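**Student:** Got a predicted structure here, sequence first:
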4 protein chains.
Amino acid sequence: MEAKTKSRDNNHLKAKGYHAGPGELSREFLSRSFKAVRDFSHTLAEPLEIEDYVIQSMPDVSPTKWHLAHTSWFFETFVLSKAVKGYKSLSPQYAYLFNSYYIQAGERHLRPKRGLISRPTVEETYNYRNYVDEHMIRFMDDADESEWKEFSPVIEIGIHHEQQHQELIVTDIKHVFSENPLRPVYMTNSDKNGKPAKGAPPVKWIDFEGGVHLIGHEGKGFGYDNEYPRHKVYLEPFRLQSRLVTNGEYLGFIEDGGYETPELWLSEGWAAVESRNWKAPLYWERKNGKWACFTLSGMRSVNTEEPVCHVSYFEADAYARWAGARLPTESEWEAAASGQPVEGNFAEKLSFHPGAHASVKDKHPLHQIYGDVWEWTQSPYTSYPGFKTLPGALGEYNGKFMCNQFVLRGGSCATSKSHIRKTYRNFFPPDARWQFMGIRLAKDRT
Amino acid sequence: MEAKTKSRDNNHLKAKGYHAGPGELSREFLSRSFKAVRDFSHTLAEPLEIEDYVIQSMPDVSPTKWHLAHTSWFFETFVLSKAVKGYKSLSPQYAYLFNSYYIQAGERHLRPKRGLISRPTVEETYNYRNYVDEHMIRFMDDADESEWKEFSPVIEIGIHHEQQHQELIVTDIKHVFSENPLRPVYMTNSDKNGKPAKGAPPVKWIDFEGGVHLIGHEGKGFGYDNEYPRHKVYLEPFRLQSRLVTNGEYLGFIEDGGYETPELWLSEGWAAVESRNWKAPLYWERKNGKWACFTLSGMRSVNTEEPVCHVSYFEADAYARWAGARLPTESEWEAAASGQPVEGNFAEKLSFHPGAHASVKDKHPLHQIYGDVWEWTQSPYTSYPGFKTLPGALGEYNGKFMCNQFVLRGGSCATSKSHIRKTYRNFFPPDARWQFMGIRLAKDRT
Amino acid sequence: MEAKTKSRDNNHLKAKGYHAGPGELSREFLSRSFKAVRDFSHTLAEPLEIEDYVIQSMPDVSPTKWHLAHTSWFFETFVLSKAVKGYKSLSPQYAYLFNSYYIQAGERHLRPKRGLISRPTVEETYNYRNYVDEHMIRFMDDADESEWKEFSPVIEIGIHHEQQHQELIVTDIKHVFSENPLRPVYMTNSDKNGKPAKGAPPVKWIDFEGGVHLIGHEGKGFGYDNEYPRHKVYLEPFRLQSRLVTNGEYLGFIEDGGYETPELWLSEGWAAVESRNWKAPLYWERKNGKWACFTLSGMRSVNTEEPVCHVSYFEADAYARWAGARLPTESEWEAAASGQPVEGNFAEKLSFHPGAHASVKDKHPLHQIYGDVWEWTQSPYTSYPGFKTLPGALGEYNGKFMCNQFVLRGGSCATSKSHIRKTYRNFFPPDARWQFMGIRLAKDRT
Amino acid sequence: MEAKTKSRDNNHLKAKGYHAGPGELSREFLSRSFKAVRDFSHTLAEPLEIEDYVIQSMPDVSPTKWHLAHTSWFFETFVLSKAVKGYKSLSPQYAYLFNSYYIQAGERHLRPKRGLISRPTVEETYNYRNYVDEHMIRFMDDADESEWKEFSPVIEIGIHHEQQHQELIVTDIKHVFSENPLRPVYMTNSDKNGKPAKGAPPVKWIDFEGGVHLIGHEGKGFGYDNEYPRHKVYLEPFRLQSRLVTNGEYLGFIEDGGYETPELWLSEGWAAVESRNWKAPLYWERKNGKWACFTLSGMRSVNTEEPVCHVSYFEADAYARWAGARLPTESEWEAAASGQPVEGNFAEKLSFHPGAHASVKDKHPLHQIYGDVWEWTQSPYTSYPGFKTLPGALGEYNGKFMCNQFVLRGGSCATSKSHIRKTYRNFFPPDARWQFMGIRLAKDRT
């Protein structure tokens, strides 16, 4: 198998803006990845009751059932229905119900109405997953070399696509549960592997050099189109903090009147503070003079040593201004993270809560640079110079969102370790808070 | 038991504006009613999947699970927690979740958020129902005479209250299913007892006399506060049509451009037509040049012989104007219905679709005056002269909605026969369409 | 002229639902009325700066300029363009700009956009008025008898129509000025003829008999279609308060927590209190622990002896409930007002503020029954039995608003004395507050 | 005077991020600029009727009266009230009414309510302007050296600030007039100096080199804080089109179904197309099969040779994608424009319409790079590395808008020539269309 893989024409993939190193797109590797990732979705859904699968608590959130079906629809639409002669969908209407935004892939059910759909039932949804899995596994076994060349990169995207939705399953069910006054618990021991540190390490400023840096995917291993092409960026010398901003530090901002001081905020940010009555991060509640927060293990006191989480870009930016610092640009972040291994508190730990300082045992200068929380950068999400979208419906994957969003880097406690890398660009509108989002401060060196 | 009942002081009830005839509030009768009505809720929910119980498809709609819990909460709050020493709720938070609008009964969960609550699960909800039922049955068996005097009228209201919610279970699940592109079927044979007539009977105008009429509840049997007190109303001579307006007749209005002719509409009605793009009754769809409609048995062709249904007050009023007639007042309707027995196509038939002309076999002049569809009257919902609300939270039952609503009379195919009577006043805002609502025309005789 | 008038065929008018007594539709009378009423519009606008004419401070409000033009458009559209051969509008586009809601009279400019129209200028608007007036006066002089028969009733409506808009000019400019932090003054001495009484007379309950009453216009003098036909209504015995509710009494309601007690309110009313943050009547402001209110003479302290004003139906209804009373029905009001002359504090006094107890010198039992403030009744605005609309566009005058509005009776300090009568039915939605609206309490006698 | 100026400490200004070259901040120069710019506001308002000054046709638009007052408030607040002992405002409430968004300068009247304010009148507003001007001129004459050092840079900002509002006076009144069905004309001959060219020059692609470029203000002459500091940017080689995209070219996009092809649009852009029903640039209308557009000289046919104008970022971006090109980054634009003089169709010509190819007589490669229309870049509006805001309320000038806006470059036919420069960064949200906004295409050279 390896011999074949070595000889395949990587230019085909490069043209699409993706590149996989030798062996990575082997059938064995992809097939094993496919099964493992599909299984992990079931692991994540395992603690849920049937009723939990159905709910959409706000337009940004999708029901778990929808995530499970949509990721299957992806394989059906972009692989099976094209590659497998005579393939029949279990239900042709699923294509309408479970398309998300791929306009070129046909009409689609409106996003804010995903919570109105009780059928297919959860059981039918799992049947659909099994049906797609069986056909996918058969295809991966049986495809001839030219089929493999054509579809293996799409399967690879599909796997990464499912990992993205796995993160959303976690963050969405957190939001769903938070809306219920009964405050259901997702996993009693959800943070067993991530128990709160006794104390956050003292913070340091780490210096980085300016000059022309190379930014973007190097071409080895998987990358999304938006990470390409690798290109030069001129950076001024800068510094980053050695660890994430903690709840304790953020409480200083709150207690200093941060949420009542318009000068600290972007104009749109202040409007959000006023219209939504923000007084603290999402999921925080003031009870009897103390701050508690909702987690996937239920309500608990705010731990001052843990990284602050569930803050919007507006809050991260205001906090940085209050602290006499700023947020890093995404190029600074990537340049700084370059030397460090991808280690940290990820979804595989089933902790789903940031804060495991102890477990990092980090000899590297930038603690928690991966995992725990996504780090807001001050960079609006735009295309890299020379950016090309994929042809066809997959071209809608990333480019069409390059407007009014900001880049986040580094992954979170709900991201799979195999999904994240230093060039990975996540993006959300500046008022989004329901992802595991936090803050690392930057400064000019001059 | 009967002896006791006979001697009980009905004045107590009269004072509250309710009255039950001899024997009706006997323990045996109430207890049997209680069990039968509570069971019928389960009969209605039986065809549903767990996922179906959770959904709120618009603010007016509540999830089935909510209806099942709220009706139990009613008995718990207004009977058990007051009458039974040491009664403990299965979960104190249910009081918050399942209160609807009784401000005096404490804080309540917001109506439009009922569809965000996956817990308690359906199973837990049924456990709650059983728990309440057990305590209620024990109380009805054990209450001493003074307790019985105090709480039997409340139990009676609770039973009628549950019947109201049974109608909503049916109309709400119809709306929920209609939002699903898969168009789930509630009961394949839902209209088995109400198969479409071969032909609607020819319509006649029936004349009624003017003069002073007595309107309102006579005091025998159950009645809501809004049906009291019985009072005099002066009516001019009038005529009513012998049957409901049919789909065929309503198609005449559509095809004559009714929905494009502003002169036919109330000002607010025309605004609704334009802003919501109304072109036909709710649940109607134009497919390949033909009209189909969604029913609880799935999609089917519009049957021209059946009564038109799911029209708003605005549409009923515009249709009447187009037809050179008008809607009846509620006093006219009540005066006209006075001589007729309460018979028709009701919820007990499990048909849930209007249209059974054949089954009526009506020798009375006004066909379908009960059942099939609620009949819009031109009367805004107001208090009768001398109206008094019940004391305490139950006083919120009816009076506080006396604004911007219109009265409907006669019950529908989703109303229980034992729930309806000639003085019964249903009311909805003029733009509501999701109930089984239809049209009977009236005219002045002069 | 009188002879002719006597012989004219009143049936023509009766058929339209209007009737004028002998002599009233004489050319002389109508012509004099026309000039006087048209002049009074100018009197009302006289204190305004050009800039004031342009503003629409909320969708319900129209710019003064619009009122002046629209009332002219009425005469142009319904008289001149039909009656005068070869009549040319000064600008054909005015027909589009100044139509209000007469769908049958052609396309119209959207109501909420009236404040976006700087042209025609104020000067051009007065030119338009003069142009229409000249043609109208010439027509009234020159029309032959059959033209006069046809158009004199329309001219009469046009005059009353202009009087309605005169009231709106006053109430709308009050709202416009209230939105300006500079709080401009309309007339320094606006209440010179209506200086606050030293003390409101003590309140009494006046009893009225029940039975069948005749309600509606008797056919002598002008009346709108909605006042017809005269018909029988059965009333229970009732009582009305001898005078309007005062600011002092209403302060009792406020201080007793009326605005914080949901049980006192209709369900929609309470929603309005919460969403709009109502704490007092419109135009009231709390300053240094004291209540002040904005008037057309500027800000001044709330006078406890004056009638409360600028309250919605919701507030009037809640106040009545708090006071252990209720609002009258419109039939009760009309029956009670029957014996009293039309006297009071009207627009002609140029006071534009309720409160002149002294000036009434009322020997009649119901003080202030006319003038000062419109009195909310508990009657939804509906058609009288046998109601017929006028044919054509004028038929849109009243009937199409018979939905979600409540009737007010008696006129206000902004109503012309010659415009009001005991059968006059004003109507507004239950949340409207910007008219001069107040409260008179009623009670059952039983 | 010059000698003094030479010796003044420019570091003070540099610290604030502004710099003026020798002689420019001389009293003579500033004083002359002040008078000229203040006068030009009057020139712009001269064609208006009083009524025109009052209107706010959408929240983004301010009434002319407001612009005239607000620019005076700026001088009063940031110069007179600080620099002139005992200075008294003509009306203290103006500070509240005419503050725009400077939170640190005190409470302010809500932006969307600017059109509700008829007072102060236009005459009073001019009086206010005169009052401020007199005091300013006296201050500029009398200030001692240290006062001059402190306040001359603020006066300079005030002058540029007024020029910004002059552009808004023009674009806002265009929008106001466009909402009036009478379509008023601002200047009959508004484009006398800008008559449509016989033919747009053929378009060419001009090549530019990559590498490290210096971007940002060089420190000579006035610049806003957001143009600082000058810094290095690495650019790939690129090409720009020699002239602006024309109406004729844009018609090709329309006729090719550009507005019906979602693949061409950003996700948010497509949502805007659908929800606002965009089919062409703002002010275009389809009449009898031909495109006309509203200009400040009234309606006229769309001239295919003129630059397309009044397009949003979304439309510019979609057009570029359709044309197989892209928009330039702001760094590319600035690098490319560096060699060219600031010449073009500016506000001083009183043309207020793009299109004067003939008048450019441009020997430079990039035609129309200044004037005519602002050119959308693909760069989100962010801070330059090392960006510092001004201290105090003036620090709110630019930085707080760095979110969800895109940069435009080059000025328009409504921009004063003395106001624009190559480093000038204008910014608007991607859906804004009412400014004179157009398109220049870019491409990668690789």
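**Tutor:** All right, it came through fine.
**Student:** okay, CA-based contacts and neighbour counts for the rest of this
**Tutor:** Will do.
**Student:** Please give me every residue in contact with A:M140.
**Tutor:** Listed by CA atoms under 8 Å, 6 or more residues apart in numbering or on different chains, the contact partners of A:M140 are A:27, A:31, A:148.
**Student:** repeat that with 10 Å
**Tutor:** By CA atoms under 10 Å, 6 or more residues apart in numbering or on different chains, the residues touching A:M140 are A:27-28, A:30-31, A:34, A:134, A:147-148, A:151-152, A:155.
**Student:** three-state assignment of A:L214?
**Tutor:** Secondary structure, DSSP: H, G, I helix; E, B strand; the rest coil: A:L214 is strand.
**Student:** Nearest residue to the residue of the stretch 1-150 of chain A found nearest chain C in space, please, no chain neighbours.
**Tutor:** Here the stretch 1-150 of chain A gets closest to chain C at one residue, A:M58, 21.6 Å apart by CA to the nearest CA. Excluding its sequence neighbours, the residue lying closest to A:M58 (CA to CA, 6 or more residues apart in numbering or on different chains) is A:P112, at 7.6 Å.
**Student:** Count residues in the vicinity of the one you found, would you?
**Tutor:** Per other CA atoms under 10 Å in any protein chain shown, the neighbour tally for A:P112 reads 14.
**Student:** Does it touch A:P59 like I think?
**Tutor:** Yes. A:P112 is in contact with A:P59 according to CA atoms under 10 Å; the separation is 4.8 Å.
**Student:** mind checking the longest helix of chain A?
**Tutor:** Using DSSP state H, we find that the single longest helix of chain A is helix A:145-178.
**Student:** so what's the backbone phi/psi at whichever residue of chain A sits closest to chain C?
**Tutor:** Taking CA to the nearest CA, chain C has its nearest neighbour within chain A at A:S275, 13.9 Å off. Note on A:S275: its backbone torsions stand at phi -70, psi -30 [degrees, to the nearest 10].
**Student:** for the one 3 residues further on, same thing?
**Tutor:** Per-residue torsions, A:W278: phi -70, psi 140 (degrees, to the nearest 10).
**Student:** quick one: it and A:A272 touch, right?
**Tutor:** Yes. If you go by CA under 10 Å, A:W278 and A:A272 touch, sitting 7.6 Å apart.
**Student:** For the two, list the residues in contact with both.
**Tutor:** Counting by CA under 10 Å, 6+ apart, the residues touching both A:W278 and A:A272 are A:E315.
**Student:** more neighbours, these two?
**Tutor:** Ranked by neighbour count (other CA under 10 Å), A:W278 and A:A272 place A:A272 first, with 17 against 14.
**Student:** can you list the residues that contact the helix or strand hosting the more buried one?
**Tutor:** Using DSSP states H and E, A:A272 sits in helix A:267-276. Residues from elsewhere that reach helix A:267-276 (CA under 10 Å, 6+ apart): A:259-266, A:277-280, A:312-315, A:317-318, A:430-431, D:101, D:396, D:399-404.
**Student:** May I see the ChimeraX selection of the buried members of these?
**Tutor:** Listed next is the ChimeraX selection for buried residues among those, using 16 or more other CA atoms under 10 Å in any protein chain shown:
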select /A:259,262,263,264,265,266,279,280,312,313,314,315,317,318,430,431 /D:101,396,399,400,401,402,403,404
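**Student:** Quick check: the gap between A:Y224 and chain D.
**Tutor:** A:Y224 sits 18 Å away from chain D, going by CA to the nearest CA, to the nearest Å.
**Student:** Just the CA atoms of stretch A:69-78, as CSV, please.
**Tutor:** Output of stretch A:69-78 as CSV, limited to C-alpha atoms (Å, rounded to 0.1, in the frame of the first residue of the first chain):
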residue,chain,number,x,y,z
ALA,A,69,-27.0,13.2,10.8
HIS,A,70,-25.3,16.1,9.1
THR,A,71,-21.8,14.6,9.4
SER,A,72,-23.3,11.5,7.8
TRP,A,73,-24.9,13.5,5.1
PHE,A,74,-21.5,14.9,4.3
PHE,A,75,-20.1,11.5,3.5
GLU,A,76,-23.2,10.5,1.6
THR,A,77,-23.3,13.7,-0.5
PHE,A,78,-19.6,14.2,-1.3
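**Student:** quick one: it near chain D?
**Tutor:** No. Counting by CA under 10 Å from any CA of the partner chain, chain D is not contacted by stretch A:69-78; separation bottoms out at 17.5 Å.
**Student:** same deal with stretch A:206-220?
**Tutor:** Yes. Applying CA under 10 Å from any CA, one finds stretch A:206-220 touching chain D at A:211-213.
**Student:** Can you add pLDDT, distance to chain C and neighbour count and give those back as a markdown table?
**Tutor:** Below are those laid out as a markdown table (pLDDT from 0 to 100; distance: CA to the nearest CA, whole Å; neighbours: other CA atoms under 10 Å in any protein chain shown):
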| residue | pLDDT | distance to chain C | neighbour count |
| --- | --- | --- | --- |
| A:G211 | 97 | 55 | 14 |
| A:V212 | 97 | 54 | 16 |
| A:H213 | 97 | 54 | 17 |
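**Student:** Pop out the phi and psi values for A:K443.
**Tutor:** phi -150, psi 150.
**Student:** quick one: it from A:W333, how far?
**Tutor:** A:K443 sits 12 Å away from A:W333, going by CA to CA, to the nearest Å.
**Student:** which of the two has more neighbours?
**Tutor:** A:W333 (24 against 20).
**Student:** Can you tell me which helices and strands the strand or helix carrying that one packs against?
**Tutor:** A:W333 is located in helix A:330-337, with elements delineated by DSSP H and E. Applying 3 or more CA pairs under 10 Å, 6 or more residues apart in numbering or on different chains; DSSP states H and E, one finds that helix A:330-337 contacts strand A:205-208, strand A:211-215, strand A:231-235, strand A:238-241, strand A:374-380, strand A:406-409.
**Student:** Partner strands of the longest one, with direction?
**Tutor:** Each strand that strand A:374-380 pairs with, and the sense of that pairing, follows from DSSP bridges: strand A:406-409 (antiparallel), strand A:437-438 (parallel).
**Student:** Can you lay out the ones you listed as CSV showing distance to D:L168?
**Tutor:** What follows is these, written out as CSV (distance: least, CA to CA, whole Å):
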stretch, distance to D:L168
strand A:406-409, 29
strand A:437-438, 39
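**Student:** Columns mean pLDDT and mean neighbour count on top of those, output as CSV?
**Tutor:** Putting the strands paired with strand A:374-380 into CSV (pLDDT from 0 to 100; neighbours: other CA atoms under 10 Å in any protein chain shown) gives the following:
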stretch, mean pLDDT, mean neighbour count
strand A:406-409, 98, 25
strand A:437-438, 98, 26
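**Student:** Noted, bye for now.
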